[in-house]
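**Q** 3D model of this:
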Amino acid sequence: MKVCHRCKREWVSEKKQPAVKEFCENCTAYLHCCLNCRFYDEHAHNKCRIPTTDWVGDRAGCNFCDEFDFADADTDSKESGADDNARKALHGLFGDADEKPAPKGVGGFDKLFSD
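**A** Down below sits the predicted model:
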């Protein structure tokens with residue numbers, strides 16, 4: 001399912017990809033933009049997983065990138081589910097960062113400096 005990056009409304013069309021200046025009928029956001037592309041990655045060079053792409057200043061604006069491939073929302077939800085599972089596993093190992101361990105006595109040290 002292909003959805004708008006801004007309003008998450010499904011894009012329904014007979015075409016495989018939106019045209020360069022095509023916009024969402026619900027929120028008027030451009031559909032052929034980096035934020036809707038499956039190669040968009042906030043942490044990659046040029047914020048794109050394809051290293052040869054040109055820099056795009058406005059990630060939400062329309063662009064003429066030949067590498068554009070509309071991201072599938074189902075894939076994104078599966079990836080976020082994997083992230084949640086990883087967080088749960090990490091929490092199982094280390095617990096919450098906010099939890100403080102119970103104070104432990106240091107044997108005779110407490111007796112030495114107590115009244």
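**Q** so who does residue 32 touch?
**A** Residue 32 sits next to 17, 18, 19, 20, 21, 22, 62, 63, 68 when contact means CB atoms under 8 Å, 6 or more residues apart in numbering. C-beta: built from backbone N, CA, C; applies to glycine.
**Q** just residue 45 next, same as before
**A** residue 51.
**Q** Over to residue 71?
**A** Here residue 71 is in contact with 2, 36, 37, 38, 40 (CB under 8 Å, 6+ apart).
**Q** Among those residues, the buried ones, what's the ChimeraX command?
**A** Those of the contacts of residue 71 that count as buried under 16 or more other CB atoms under 10 Å are selected in ChimeraX with:
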select :2,36,37,40
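**Q** Take the contacts of residue 71 and keep only those in strands.
**A** Per DSSP state E, strands hold no members of the contacts of residue 71.
**Q** hang on, the earlier thing: just the buried ones out of the contacts of residue 32, please.
**A** By neighbour count, with 16+ other CB under 10 Å, the contacts of residue 32 hold 17, 18, 62, 63, 68 as buried.
**Q** Let's have the residues you listed in JSON lines, adding secondary structure and distance to residue 30.
**A** Shown next, in JSON lines, are the buried ones among the contacts of residue 32 (DSSP: H, G, I helix; E, B strand; the rest coil; distance: CB to CB, whole Å):
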{"residue": "17", "secondary structure": "coil", "distance to residue 30": "13"}
{"residue": "18", "secondary structure": "coil", "distance to residue 30": "8"}
{"residue": "62", "secondary structure": "coil", "distance to residue 30": "4"}
{"residue": "63", "secondary structure": "coil", "distance to residue 30": "8"}
{"residue": "68", "secondary structure": "coil", "distance to residue 30": "11"}
